[in-house]
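S.K.: have a look; sequence and predicted model below, questions after that.
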Amino acid sequence: MKQRSCQVIYSQFGFAIHQNDHQARRRFVEWAQNEIAVVPDLHKRILFSKEAHFWLNGYVNKQNCRIWSETYPQVYVETPLHPEKLTVWCALWAGGIFCPYFFKNDEGHNVTDNGDQYRAVITNCFIPELNNHDVQEPWFQQDGATCHTARATIDLQKDTFGDRLISLFGPVNWPPRSCDLTPLDYFLRGYVKSLVYADKPQRLDHLEDNIRRVIADIRSQMLEKVIENWTLKLDYIRASRGSHMPEIIFKM
């Protein structure tokens, strides 16, 4: 029997589950499964998006690593005192990965993102690249970060996607605290991290080159498996009435 390898990512960060989280997650899963019943390849048209910070010393903010609790758990996380880091944005779908985009200021220095910078990514990087791909009636997903949900940002995205926007304050509501539902968290972050630090980069430009190379080398066959795995996560969350997955597992 052919064995499947699994990447198992254990919870590391502590977050309290809010009272309405399970209900919001059930509503989203029911919406997604009902839509897929009508349009069977809908999940292959969703463009999942997210930022991540990559620290030069090898620390990564693994947003896919969570401890879910009814109360805020006492969790201690080691972070760099004076971090040098890159903030990277990209979008993933069954057919490929858009960008990546590295946030920099006018002087070319690496920075974290804000609303203006995020809208610049969408306008100057993402939409032009999307126009070069044959994605039929694409959907766009983002989480509830403040820079994502500003009115100017939502209006910009509606101009491109209309009602095919999955976001807090969007036509379809993305449930909060649902990193187990986005492949950028349960797959891409861990996969990229496992490779970009292999040669121990000592400079940010070296780290950036590694991230670009690793993302460019990801084949469409792997991404198709990632997106098919997403539909299995919908099944789990529906069967568990909105519960979070105790471990985030992606099967290759």
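M.R.: Nice, I can see it. Numbers count the residues shown, from 1 in each chain.

S.K.: going by C-alpha atoms from here, please, whenever you check contacts or count neighbours.
M.R.: Fine.

S.K.: so which residues of the stretch 1-150 of the chain form helices?
M.R.: 21-38, 115-121, 127-131, 146-149 (DSSP state H, counting those that start in this stretch).

S.K.: what is the third one packed up against?
M.R.: Using 3 or more CA pairs under 8 Å, 6 or more residues apart in numbering; DSSP states H and E as the contact criterion, the elements in contact with helix 127-131 are strand 96-102.

S.K.: what pLDDT, on average, does the strand it packs on get?
M.R.: Strand 96-102 carries an average pLDDT of 95.

S.K.: send me it as CSV with only the CA atoms.
M.R.: What follows is strand 96-102, C-alpha atoms only, in CSV (Å, rounded to 0.1, in the frame of the first residue of the first chain):
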residue,chain,number,x,y,z
GLY,A,96,-0.9,28.9,-9.0
ILE,A,97,0.4,31.6,-6.6
PHE,A,98,0.1,35.3,-7.3
CYS,A,99,3.0,37.7,-6.6
PRO,A,100,4.6,37.3,-3.9
TYR,A,101,4.8,41.0,-2.8
PHE,A,102,7.3,42.3,-0.3
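
S.K.: which outside residues touch it?
M.R.: Contact with strand 96-102 is made by 86-92, 110, 121, 125-126, 129-130, 212, 215, 219-220, 223, as judged by CA atoms under 8 Å, 6 or more residues apart in numbering.

S.K.: next step: these restricted to strands.
M.R.: 86, 87, 88, 89, 90, 91, 92 (DSSP state E).

S.K.: ok, so of the residues you listed, who is nearest residue 207?
M.R.: For the ones in strands among the contacts of strand 96-102, the residue nearest residue 207 by CA to CA is residue 86; the value is 8.4 Å.

S.K.: look up how far residue 127 lies from the closest one.
M.R.: Residue 86 sits 22 Å away from residue 127, taking CA to CA, to the nearest Å as the criterion.

S.K.: so between these two, which is more surrounded?
M.R.: residue 86 (23 against 14; other CA atoms under 10 Å).

S.K.: what residues does the more buried one make contact with?
M.R.: Taking CA under 8 Å, 6+ apart, one finds 53, 54, 55, 56, 102, 103, 110, 111, 112, 204, 208 in contact with residue 86.

S.K.: and it, how close does it get to residue 123?
M.R.: In terms of CA to CA, residue 86 sits 21 Å off from residue 123.

S.K.: same check, this time on residue 98
M.R.: From residue 98 to residue 123 the distance is 13 Å (CA to CA).

S.K.: likewise residue 185?
M.R.: 24 Å.

S.K.: more neighbours: these two, which one.
M.R.: residue 185 (23 against 15).

S.K.: show me what stretch 193-211 is in contact with.
M.R.: 56, 57, 58, 60, 84, 85, 86, 192, 214.

S.K.: let's go with 10 Å and repeat that
M.R.: 54-60, 62, 84-88, 100, 102, 110, 188, 192, 212-216 (CA atoms under 10 Å, 6 or more residues apart in numbering).

S.K.: what ranges do the strands span in this protein?
M.R.: Counting by DSSP E, the strands of the chain are 6-9, 13-16, 46-55, 66-69, 85-93, 96-102, 139-141, 165-166, 248-251.
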